[in-house]
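Student: Sequence plus predicted model, see below.
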Amino acid sequence: MADTDRPSVEITIDQEKCRFSMYDPKGCKRCLQVCPTAVFASRPNVKRDFSKPVEQRVDPTVWVLLVTWEDYCNGCGACLRACPHDALTIEFDGVPVSA
Ligand code: SF4
Ligand code: SF4
């Protein structure tokens, strides 16, 4: 499929509502777990600066959820159904995807 034939996809994560946590066993990872095309990823909230003394470095356990492969979204809505906090919205070819 040529790139121009790909559907336009816009995925928004409301970071205020999202309860993603990489390290907290009770933290949510559901969208990551159910997405069939691995659209989501995570990374530390702030890069660690190893030139600073340990006590001044950022907490390495604070990670944030990202949409890294939006183009691979197929509009299935699985992440929307799985999200317990209503933190995701998706527009697929200009049409909102419903849960
Ligand atoms: S709609 Fe489906 S393919 Fe798209 S991000 Fe959600 S789970 Fe993944
Ligand atoms: S399912 Fe919802 S609350 Fe959970 S990590 Fe994904 S966007 Fe955040």
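Tutor: Now that the structure is in, tell me what you want to look at. Ligands and ions are numbered 1, 2, ... in the order given.
Student: CA only for contacts and neighbour counts going forward, please
Tutor: OK.
Student: Show me what from this structure comes close to ligand 2.
Tutor: Residues of the chain found near ligand 2 (CA under 6 Å from any ligand atom) are 18-20, 28-31, 82-85, 87-88.
Student: Looking at these, spot the one nearest R48.
Tutor: Of all the residues of the chain next to ligand 2, F20 has the smallest distance to R48: 19.7 Å, by CA to CA.
Student: what pLDDT does that closest one get?
Tutor: pLDDT for F20: 92.
Student: Near it, how many other residues are there?
Tutor: Per other CA atoms under 10 Å, the neighbour tally for F20 reads 20.
Student: Over to it: give its phi and psi.
Tutor: Backbone torsions of F20, given as degrees, to the nearest 10, read phi -60, psi 140.
Student: With Q56 as the reference, measure out to the closest residue in space to F20 that isn't next to it in sequence.
Tutor: Computed as CA to CA, 6 or more residues apart in numbering, the closest residue to F20 that is not its neighbour in sequence is C28, at 4.5 Å. To Q56, C28 is 28 Å away according to CA to CA, to the nearest Å.
Student: Looking at these two now, which is surrounded by more residues?
Tutor: Set C28 next to Q56 and count neighbours by other CA under 10 Å: C28 wins out with 18 against 11.
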